[in-house]
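Trainee: Requesting a structural model of the entry that follows:
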Amino acid sequence: MITSKDNDKIKLVRKLMTDKKTRRETGLFVLEGVRLIDEAISGRVEIEAVYISESKARTTPSPFGCHPSDGGELAGNILAQNSPPSEGWHPKGDGVVLVVKDSIFDAITDTVNSQGIIALCRKISSGTGHCDTNALLLDRIRDPGNMGAIIRTAAAAGYNTVYCIDCADPYQPKSVRASMGGILYVDIIETDYSIIDKLKRQSVSIIAADMGGINVFEIGNTSSAMPQLLKFRRTQNSPLCKRGGGVADGVFCLAIGSEADGLDPRIKNSATLTVSIPMQRVESLNAAVSAGILMYFFRR
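Mentor: Coordinates of the predicted model:
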């Protein structure tokens, strides 16, 4: 059992909680809670280590501090995931499953009512920059809550890749919590504005969200939209949906900018189609709300 706050494994968790550089260098991030950890194990996320509070370990039969009714037999799942054994793995838990003194565990958890279990997970980003499914391009989304909410909606709406330019770290604890597990299902690629040319070389259409764009709900119903629509159709290998507004087939990337600054001109100037959401009585919507509306609209 770990009883000292100066233990290297405890120091690593603290750094992963607070330091983006450590998350980037190690390729790890922290998950908290039974449901998310069980979901990570069941999916494609590699678990490096699990930390259990002493009291949780004592009051439940599983070495993971998780009773089956609390979210699944995590121990069995991790054993299955790590078979054959990987380097540093010990089935009895002295390498991957770590019991931590309660007072020390309380110092590394980031939630008010902790479930007594956290895991170190490896990021799933491919980092290739190749876009073969509908994607998001996030430009300077600095609020971690917005970042997590957008990732959550992207996972729900079937956007498998999220490109991030100068955004809040999607793997910081607040973003991870706000994603409600969505972080486990999308490929997150931190990039720069060179991604625009890469997308264009792959014949990926960029749809830009901007207040000066076409009313997205009037696409197909206004003559002023026709030049952009015709250009958009030429870059797709299929027409727009007959009902107007949705993309039937073809790969596109939806670009969302920050609430304060919007999209960078480099993105706007490269867009095949620029759309806006009509407003009444207010000037703008929260970035996560706008992203959600447009993600589902273009998935019709």
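Trainee: in this protein, which spans are strands?
Mentor: 28-32, 47-53, 97-100, 117-122, 135-139, 161-165, 187-191, 205-215, 252-257, 273-276 (DSSP state E).
Trainee: Just name whatever secondary elements the second one is in contact with.
Mentor: Taking 3 or more C-beta pairs under 8 Å, 6 or more residues apart in numbering; DSSP states H and E as contact, the helices and strands that strand 47-53 lies on are helix 8-18, helix 34-42, helix 74-81, strand 97-100, helix 102-108, strand 117-122. Glycine gets a C-beta too; all of them are placed from N, C-alpha and C.
Trainee: which of the ones you listed has the lowest average pLDDT?
Mentor: Across the helices and strands packed on strand 47-53, helix 74-81 has the smallest mean pLDDT, namely a mean of 46.
Trainee: got any ranges where this protein has weak pLDDT?
Mentor: 59-95, 125-130, 132, 220-250, 300 (pLDDT under 70).
Trainee: Quick check, central residue of it?
Mentor: By C-alpha atoms, centre = their mean, the mean C-alpha position of the chain lies nearest to residue 183, the distance being 3.5 Å.
Trainee: Was I right to think it contacts residue 173?
Mentor: No: judged on C-beta atoms under 8 Å, residue 183 makes no contact with residue 173 at a distance of 10.9 Å.
Trainee: where do the helices sit along the stretch 201-300 of the chain?
Mentor: 226-235, 265-268, 287-297 (DSSP state H, counting those that start in this stretch).
Trainee: So what touches the last one?
Mentor: What that stands for is helix 287-297. 136, 141, 143, 145-146, 149-150, 153-154, 157, 159, 207, 209, 216-217, 245-246, 254, 256-259, 275, 277, 284-285 (C-beta atoms under 8 Å, 6 or more residues apart in numbering).
Trainee: Put the buried members of those into a PyMOL selection.
Mentor: This is how PyMOL selects the buried members of these, with burial counted by 16 or more other C-beta atoms under 10 Å:
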select buried, resi 136+141+143+146+149+150+153+154+157+159+207+209+216+245+254+256+257+258+259+275+277
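Trainee: Same list (the strands of the chain) but as JSON lines, adding distance to residue 22.
Mentor: JSON lines is the format used below for the strands of the chain (distance: least, C-beta to C-beta, whole Å):
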{"stretch": "strand 28-32", "distance to residue 22": "8"}
{"stretch": "strand 47-53", "distance to residue 22": "13"}
{"stretch": "strand 97-100", "distance to residue 22": "18"}
{"stretch": "strand 117-122", "distance to residue 22": "11"}
{"stretch": "strand 135-139", "distance to residue 22": "22"}
{"stretch": "strand 161-165", "distance to residue 22": "18"}
{"stretch": "strand 187-191", "distance to residue 22": "15"}
{"stretch": "strand 205-215", "distance to residue 22": "33"}
{"stretch": "strand 252-257", "distance to residue 22": "28"}
{"stretch": "strand 273-276", "distance to residue 22": "38"}
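Trainee: out of those, which comes closest to residue 2?
Mentor: Among the strands of the chain, the nearest to residue 2 by C-beta to C-beta is strand 97-100 (4.7 Å).
Trainee: and the closest one, what does it pack onto?
Mentor: strand 47-53, helix 54-59.
Trainee: Packed most tightly, which of the ones you listed would that be?
Mentor: strand 47-53 (a mean of 22; mean count of other C-beta atoms under 10 Å).
Trainee: what about it, distance to the chain center?
Mentor: In terms of C-alpha atoms, centre = their mean, to the nearest Å, the centre of strand 47-53 is found 21 Å from the chain centre.
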